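> My questions concern the predicted model and sequence given below.
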Amino acid sequence: MDAVGPKEINRILAVTDEIGIHREAVRIPLGTEGVGQVTLAGSIVEVVAPAQGDFEAWVIGLGDRIRSLDLTGVQKAEG
């Protein structure tokens, strides 16, 4: 996959919504990279989609990768 489109963005946001992360605390670059990555940049969770492999298979494990981060300073969604 060369770029992230609306379908992929919505799949990623569904995962972060389920975890309770405010959408303003999520950054999803439109470019893809390697096998994908999830990092914490201050109070922002950055989710880079994979350039190689199956996106759907990758997104299934995304929640676990995000939960493995220290989300203490990340803004939570309201109610």
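All right, it came through fine. Bear in mind that the values here come from a model prediction, so they are computed numbers and not experimental data.
> burial of Asp2, as a residue count?
Neighbours of Asp2 under the rule other C-beta atoms under 10 Å: 8. Yep, even glycine has a C-beta here, placed from its N, CA and C like the rest.
> any idea how far Trp58 is from it?
The gap separating Asp2 from Trp58 is 15 Å, by C-beta to C-beta, to the nearest Å.
> Next: Ala41.
Per C-beta to C-beta, Ala41 is found 20 Å from Trp58.
> next one: Pro6
17 Å.
> Tell me the secondary structure at the residue most central in space within the chain.
For the chain, Val47 is the residue whose C-alpha lies nearest the centre (C-alpha atoms, centre = their mean; 3.6 Å). At Val47 the chain is in strand, as set by DSSP: H, G, I helix; E, B strand; the rest coil.
> Now do the same contact list for it.
Shown in contact with Val47 (C-beta atoms under 8 Å, 6 or more residues apart in numbering): Ile12, Thr16, Val26, Arg27, Ile28, Gly36, Gln37, Val38, Leu62, Ile66.
> If any of those residues are buried, put those into a ChimeraX selection.
Per 16 or more other C-beta atoms under 10 Å, the buried members of these correspond to this ChimeraX selection:
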select :12,16,26,28,36,38,62,66
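> Next step: the contacts of Val47 restricted to strands.
Under the assignment DSSP state E, these contribute Val26, Arg27, Gln37, Val38 to strands.
> how about these in a markdown table, adding distance to Gly73 and pLDDT?
Listed next are the ones in strands among the contacts of Val47 as a markdown table, based on distance: C-beta to C-beta, whole Å; pLDDT from 0 to 100:
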| residue | distance to Gly73 | pLDDT |
| --- | --- | --- |
| Val26 | 14 | 98 |
| Arg27 | 15 | 98 |
| Gln37 | 19 | 96 |
| Val38 | 16 | 98 |
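> Next, give me the two most distant ones among those residues.
Pairwise distances across the ones in strands among the contacts of Val47 (C-beta to C-beta) peak at 13.9 Å, for the pair Val26 and Gln37.
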